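S.K.: Coordinates only, no sequence provided:
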């Protein structure tokens, strides 16, 4: 089955720890995205990548880091610098940029700071 | 900066009613607009994609329209069913000159269809 897989589904982090959220796609898509969703605020873009070994900051990149070493994978690290990391994190991918591109999403990771 | 607004924020209707969800955006230079459905605690499911050159798209009981010049899109749901209860999100794809495409989302409309 083709799709986007996010893991884990639930993640608990102690204050001061870094955690990494996994996102893998087998759709052969060039572009991948990370969004954060908070109640009442919609989805906000954290980072995105149009091609392997390249990525750009989104609207709320502070306290997060990413890598794009393989086309299939775009892991997100939530660092201790992120002061309010509790949220629902969504990964998406789409084919190469342009007017015909449709985005597809994973099932999300819910991160809770304990 | 592109801003996307969805009205209403929440909607409750009886089963069988036809309904319209609204999405507006500030920058009309978009590549396309996509409507999604999100069930509680789940990811987003793509419903319809409208390219900037198109005026509407249809899938089953769903019809989405796009008026790029006025910065508006509507999602029409015919003969609503309790299974349609979910949050509906619209997103526009905008070309960033220096860094490529990105999607900007509205805050969503939470729909409840009462049996």
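M.R.: Arrived safely. Bear in mind the structure is a predicted one, so any value in this text is a computation, not a measurement.

S.K.: confidence score at residue B:103?
M.R.: Looking at residue B:103, its pLDDT reads 87.

S.K.: whoops, I mixed them up, residue A:40
M.R.: Note on residue A:40: pLDDT of 74.

S.K.: Enumerate every residue touching the closest residue to it other than its chain neighbours.
M.R.: Spatial nearest neighbour of residue A:40, chain neighbours left out: residue B:107 (7.1 Å); criterion: C-beta to C-beta, 6 or more residues apart in numbering or on different chains. Every residue, glycine included, has its C-beta placed from N, CA and C. Residue B:107 makes contact with A:40, A:41, A:42, B:5, B:6, B:9 under the criterion C-beta atoms under 8 Å, 6 or more residues apart in numbering or on different chains.

S.K.: Where does residue 40 sit, in terms of helix or strand?
M.R.: Because you didn't say which chain, this covers chain A. Under the assignment given by DSSP states H and E, residue A:40 is not contained in any helix or strand.

S.K.: Give me the below-cutoff pLDDT ranges for chain A.
M.R.: For chain A, the stretches with pLDDT under 70 are A:1-2, A:97-99.

S.K.: hang on, the earlier thing: by neighbour count, which of the contacts of residue B:107 wins?
M.R.: For the contacts of residue B:107, the largest number of neighbours (other C-beta atoms under 10 Å in any protein chain shown) sits with residue B:6, at 22 neighbours.

S.K.: picking up where we left off before, identify, from the contacts of residue B:107, the entry nearest to residue B:68.
M.R.: Using C-beta to C-beta, the shortest approach to residue B:68 within the contacts of residue B:107 belongs to residue B:5, at 15.7 Å.

S.K.: can you tell me the helix or strand for that closest one?
M.R.: Using DSSP H and E, residue B:5 maps to strand B:4-7.

S.K.: Which SSE is immediately downstream of the strand ranked longest in chain A?
M.R.: Assignment by DSSP state E gives strand A:42-51 as the longest strand of chain A. For strand A:42-51, the following helix or strand on the C-terminal side (DSSP H and E) is strand A:54-57.

S.K.: Can you name the next helix or strand after that following strand?
M.R.: Immediately after strand A:54-57, counting by DSSP H and E, sits strand A:64-66.

S.K.: Check whether that next one comes near chain B.
M.R.: No: shown here: strand A:64-66 not in contact with chain B (C-beta under 8 Å from any C-beta of the partner chain), separated by at least 14.0 Å.

S.K.: Direction included, what does the host helix or strand of residue B:13 pair against?
M.R.: Following DSSP H and E, one finds residue B:13 within strand B:10-14. According to DSSP bridges, strand B:10-14 forms sheet pairs with strand B:109-114 (parallel).

S.K.: If you count neighbours, what's buried in the partner strand?
M.R.: By 16 or more other C-beta atoms under 10 Å in any protein chain shown, the buried positions in strand B:109-114 come out as B:109, B:110, B:111, B:113.

S.K.: How far off centre is the longest strand of chain A?
M.R.: Here strand A:42-51 shows a centroid-to-chain-centroid distance of 7 Å under the convention C-alpha atoms, centre = their mean, to the nearest Å.
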